[in-house]
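[1] pasting the sequence and the predicted coordinates here, then a few questions.
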Amino acid sequence: MQARIEQRSNVKLGVLLGKIQAQILRELRQAYGQENTMSKGQIHLWFHRFNADPTSPVTDKPWPGKPCMRHTKQDKVLDLLEEDRRITLHQVAAGAQISTTTAHRILRKDLQYSKIAPKMVPHMLTEEQKNCRRSIAEQNLAKIRSDPAFFTKLVTTDESWVFQWVSPVEPRPLKALRAWSTTKTMLVLFFDNEGVVHMEFKDEGTITTEVYLNILR
């Protein structure tokens, strides 16, 4: 018990010094050894507790009976999230061999994770781009007037950021459509008037015309 309180004190000191969770974990393992260091789940909980309230005590409140099962599964859930941030709730439950209700409580209540999508920022179009879009729209309207079945021959595409589990201390990602990123994780969809024709995940690189052409080939 004394060793755990000592490590919690070190976690609290790390938070007060502005260290990140990964750095605190690394230093604890270096000082106490991996076998004697608190689990990642416990470090995660105490890190966020001290981050939210630096005056929080390092001791536990008294709890009768044996530990709750979901507390023993936190490390496994964290490992699953580290492997794939896009993992679903049902996949977490299956991987940790727990119910979906328990998985949800671990994610939302114990680990305080939330599932979000990046904010979308409107495109800043140039006058040339606006005129080009207007010209294309007028051409499509003309085709629709001459051929009422024109829409049934169309296959269009769209891309969307996929959802991922994020820690409450991680900033919410902000992606501008006009600002290309070196790494993108996006879902690219092709669909017609009857539904989805093709879909692909793009984990790396930018979504450019060349990417779309390679998919179509």
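    Thanks, I have the structure now.
[2] tally of neighbours for residue 51?
    Other residues near residue 51 come to 16 when the count uses other CB atoms under 10 Å. In short, each C-beta sits where N, CA and C put it, glycine included.
[3] and it, how far from residue 6?
    Between residue 51 and residue 6 the distance is 19 Å, computed by CB to CB, to the nearest Å.
[4] same question for residue 15.
    Distance from residue 15 to residue 6, by CB to CB: 15 Å.
[5] swap in residue 191?
    From residue 191 over to residue 6 (counting by CB to CB), the distance is 58 Å.
[6] the more surrounded of those two?
    residue 191 (15 against 12).
[7] quick one: what helix or strand has that one in it?
    Following DSSP states H and E, one finds residue 191 within strand 186-192.
[8] what sits up against that strand?
    Contacts of strand 186-192 with the rest of the structure, by CB atoms under 8 Å, 6 or more residues apart in numbering, involve 152, 154-162, 196-202, 207, 211-212, 215.
[9] just the ones of these in strands?
    Counted as lying in strands by DSSP state E, out of the contacts of strand 186-192, are 156-161, 196-202.
[10] just to revisit the earlier point, in the strand holding residue 191, what counts as buried?
    Going by neighbour count (16 or more other CB atoms under 10 Å), the buried part of strand 186-192 is 186, 188, 190.
[11] circling back: what subset of the contacts of strand 186-192 is buried?
    If we count by 16+ other CB under 10 Å, those have these buried: 161, 207, 211.
[12] got the domain boundaries for the protein?
    Domain ranges of the chain: 1-62, 66-112, 119-216, per automatic domain parsing.
[13] the ones you listed into a markdown table, with extra columns for mean pLDDT?
    Below are these laid out as a markdown table (pLDDT from 0 to 100):
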| stretch | mean pLDDT |
| --- | --- |
| domain 1-62 | 84 |
| domain 66-112 | 80 |
| domain 119-216 | 72 |
